[in-house]
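Visitor: what's the 3D shape of this:
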Amino acid sequence: MGEETSFKNVVQLGVVADGETDNIKTLNQIILDANKGDTLYFPAGNYFVSENLKINKMLNLVGVKPNYKSGDLTAGSVIRGGGIFLIGGSSGRLLCQDFGQINANS
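Guide: Residues are numbered from 1 along each chain as shown. Below is the predicted model:
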């Protein structure tokens, strides 16, 4: 029997959705602690990360679909600053559902 999977609300685990707090360390720890197949849920909000999130296992990332208004994403789950980078072991099975992403460098 494999590891049990679970549903984890990232805000309940210490991530701050204010668009200013750098969540990179907290999210990296959540990803490190997650079991293969876990679902990480991002409630509606703006999540700032100062660098790319690196995911090296099969995880489900789920958020609230944002609205696009006047060149910006609002009212949903939006990752700002860095992005999501898939490395060995993650491609083909990562589910990113209903996310907006704004890269500070683009």
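
Visitor: Any idea which residue is closest to the centre of this protein?
Guide: residue 61 (5.9 Å; CA atoms, centre = their mean).

Visitor: Tell me the strands beside the helix or strand hosting that residue, with direction?
Guide: Per DSSP states H and E, residue 61 falls inside strand 60-63. Strand partners for strand 60-63, identified by DSSP bridges, are recorded as strand 39-42 (parallel), strand 95-97 (parallel).

Visitor: comparing those strands, which gets the lowest mean pLDDT score?
Guide: Lowest mean pLDDT within these: strand 95-97, a mean of 50.

Visitor: how about the strand holding residue 61: buried residues?
Guide: 60-63 (16 or more other CB atoms under 10 Å). Glycine gets a C-beta too; all of them are placed from N, C-alpha and C.

Visitor: Could you dump those residues into CSV with distance to residue 74 added?
Guide: As requested, the buried residues of strand 60-63 are exported to CSV (distance: CB to CB, whole Å):
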residue, distance to residue 74
60, 24
61, 19
62, 19
63, 13
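
Visitor: Could you list the low-pLDDT ranges of the chain?
Guide: Applying pLDDT under 70 to the chain flags residues 1-3, 88-106.
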